[in-house]
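Enquirer: I'll drop the sequence and a predicted model, then ask my questions.
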Amino acid sequence: MRLFPRRGRGQPPAAVRGPSSADREHLEGFARSRRGVEAYVEPRTTVTEMTIVLVAADGEWTRRRVSGPKAARELGNRVGIPVYDVAATGYPPRMREWTARRKATGQTGVPEADAGGSTTG
């Protein structure tokens, strides 16, 4: 008995979900509602499409899909934030510190969007 069905030869792999208008709206809203936001573009992997992480001055962060580096730069220009290539710069330490503070207080999972939190991912 086969647990995973075989894909037929020449059949394309399942499509990975790309960015949506909700993704764009979330990123723009996050950038406009927080101080000192910077963007970090993450490369495409075998599991996910290209993503962008926005990190606020206090370390709060959110991640969403983007269609490519050009879209990430356009987002940065629209909301007036710098855009970095995470492969070249790495993540800012404040991002990990924010996540560690949340864990230390017992907060796990996705912060409530209506409470001004972000979606960590």
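Expert: Structure's in. What do you need?
Enquirer: number of nearby residues for residue 46?
Expert: Residues near residue 46, counting by other CB atoms under 10 Å, number 6. All C-beta spots, glycine's among them, are computed from the backbone N, C-alpha and C.
Enquirer: swap that for residue 98, sorry
Expert: 19.
Enquirer: Kindly report the same for residue 23.
Expert: By other CB under 10 Å, neighbour count at residue 23 equals 18.
Enquirer: Please apply the same query to residue 87.
Expert: Residues lying near residue 87 (other CB under 10 Å) number 10.
Enquirer: so it sits in a helix?
Expert: Yes - the assignment for residue 87 by DSSP: H, G, I helix; E, B strand; the rest coil puts it in a helix.
Enquirer: That one reaches residue 43, doesn't it?
Expert: Yes - in this structure, residue 87 is within contact of residue 43 by CB atoms under 8 Å, at 6.1 Å.
Enquirer: On the three-state scheme, residue 36 is what?
Expert: Secondary structure, three-state DSSP: residue 36 is coil.
Enquirer: what about it, distance to residue 89?
Expert: Relative to residue 89, residue 36 is positioned 16 Å away (CB to CB, to the nearest Å).
Enquirer: Can you list the low-confidence ranges for the protein?
Expert: 1-18, 112-121 (pLDDT under 70).
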